[in-house]
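Peer 1: Next one to model:
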Amino acid sequence: LNPTNGEILAMVSKPGFDPNDFVNGISQAKYSQLINSIEKPLFNRSIMGGYEPGSTIKPYIALAGLYYNIINSNFKMLSKGFFQLPNKERKYHDWKKGGHGIVDIKQSLGQSVNTFYYSLALKLGIDNIHDFLIHFKFGELSNIELLGEKKGLLPSRQWKKEKKGTIWFPGETVITGIGQGFLVNTPIQMVTSLSILANKGVYIQPHLIKKDEVIEKQIFLDIPDNYWNIVHEGMVNVIHDSKGTARAIQNPNYLIAGKSGTSQVYG
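Peer 2: Alright, predicted model coming up:
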């Protein structure tokens with residue numbers, strides 16, 4: 001997506017199908033084959049598939065920490081490989097055994113330090129996380145010009161009480177900090193949120209149909225410019241830092257910002 005004008009540059013769902021089969025009327029046999037396939041090729045994952053955002057949520061959590069004055073540009077913490085809630089035995093592990101040592105915000109993004117975001121999410125609390133992420137269109141439809149788009153899920157205390165009939169637990173806040181648990185995003189929602197982050201709070205409706213003009217909307221958060229820059233620089237570290245989690249794709253001819261993410265996989 002081009003964040004300056006909302007234009008979708010590429011949209012892919014795999015496995016796919018040949019749309020030419022539908023031009024002159026598809027045979028019942030071929031249509032039945034598509035409908036009954038266990039791979040669901042007619043299911044457009046780019047607008048209908050719901051997935052955990054994983055560590056791609058971390059730039060927003062970092063920005064929320066700055067916004068709510070939980071951390072600042074000088075904040076550092078020791079990553080020793082796991083995080084524990086006060087007076088609890090369960091360990092929430094980092095992806096790197098033994099941890100990452102002392103890291104600041106930019107390093108925490110570049111190296112995708114789980115323990116940094118476990119701790120930060122708990123300090124923020126699920127209420128602040130929810131109220132902050134809603135400005136980035138989490139849990140909302142993008143209203144792209146395609147039928148069948150599904151909503152993601154931005155959980156809250158009220159949502160859990162209504163849907164699950166129980167209270168929100170601190171451990172659920174902890175894993176929300178690394179994009180796991182109840183959080184759900186579709187790819188189109190993920191790129192919409194990212195465009196707002198890239199635009200430093202300016203939202204432009206994503207669209208497939210060419211438009212002569214676009215309507216910009218400022219999100220209602222008074223975030224200092226240097227806060228945005230800290231997060232952007234941390235995302236540059238993901239690609240260009242020697243310890244960045246996506247350093248293999250760096251190209252000296254381009255300055256690239258990004259964020260790696262891994263959702264839970266069940267065998």
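
Peer 1: Please list all residues in contact with the residue lying closest to residue 50 once chain neighbours are set aside.
Peer 2: In space, and not counting its chain neighbours, residue 50 is closest to residue 184: 4.3 Å by CB to CB, 6 or more residues apart in numbering. The C-beta positions use only the backbone N, C-alpha and C, and glycine is treated the same way. By CB atoms under 8 Å, 6 or more residues apart in numbering, the contact set of residue 184 is 50, 51, 52, 152, 153.

Peer 1: so what's residue 207 up against?
Peer 2: Residue 207 touches 6, 7, 8, 144, 145, counting by CB under 8 Å, 6+ apart.

Peer 1: hmm, I was thinking of residue 102
Peer 2: Going by CB under 8 Å, 6+ apart, residue 102 touches 76, 77, 78, 79.

Peer 1: same deal with residue 153?
Peer 2: By CB under 8 Å, 6+ apart, the neighbours of residue 153 are 50, 139, 159, 182, 183, 184.

Peer 1: Tell me the spacing between it and residue 48.
Peer 2: 14 Å (CB to CB, to the nearest Å).

Peer 1: Equivalent analysis for residue 215, please.
Peer 2: Going from residue 215 to residue 48 by CB to CB gives 26 Å.

Peer 1: if you count what's nearby, which of these two comes out ahead?
Peer 2: Set residue 215 next to residue 48 and count neighbours by other CB atoms under 10 Å: residue 48 wins out with 18 against 9.

Peer 1: didn't the more buried one look like it was pressed against residue 186?
Peer 2: Yes. Under the criterion of CB atoms under 8 Å, residue 48 makes contact with residue 186 at 6.7 Å.

Peer 1: overlap in contacts of these two?
Peer 2: Counting by CB under 8 Å, 6+ apart, the residues touching both residue 48 and residue 186 are 149, 150.

Peer 1: among the helices and strands of this structure, which has the poorest mean pLDDT?
Peer 2: Least confident helix or strand, the chain: strand 216-218 with a mean of 90, by mean pLDDT, DSSP states H and E.

Peer 1: any idea where the strands of this protein begin and end?
Peer 2: Applying DSSP state E to the chain gives strands spanning 76-79, 82-83, 92-93, 101-104, 202-204, 216-218.

Peer 1: so which of those gets nearest residue 172?
Peer 2: For residue 172, the closest of the strands of the chain is strand 92-93, at 11.4 Å, according to CB to CB.

Peer 1: per-residue pLDDT, the nearest residue to residue 63 once chain neighbours are set aside?
Peer 2: Leaving aside its sequence neighbours, residue 63 sits nearest to residue 231 (CB to CB, 6+ apart; 5.0 Å). For residue 231, the pLDDT comes out at 98.
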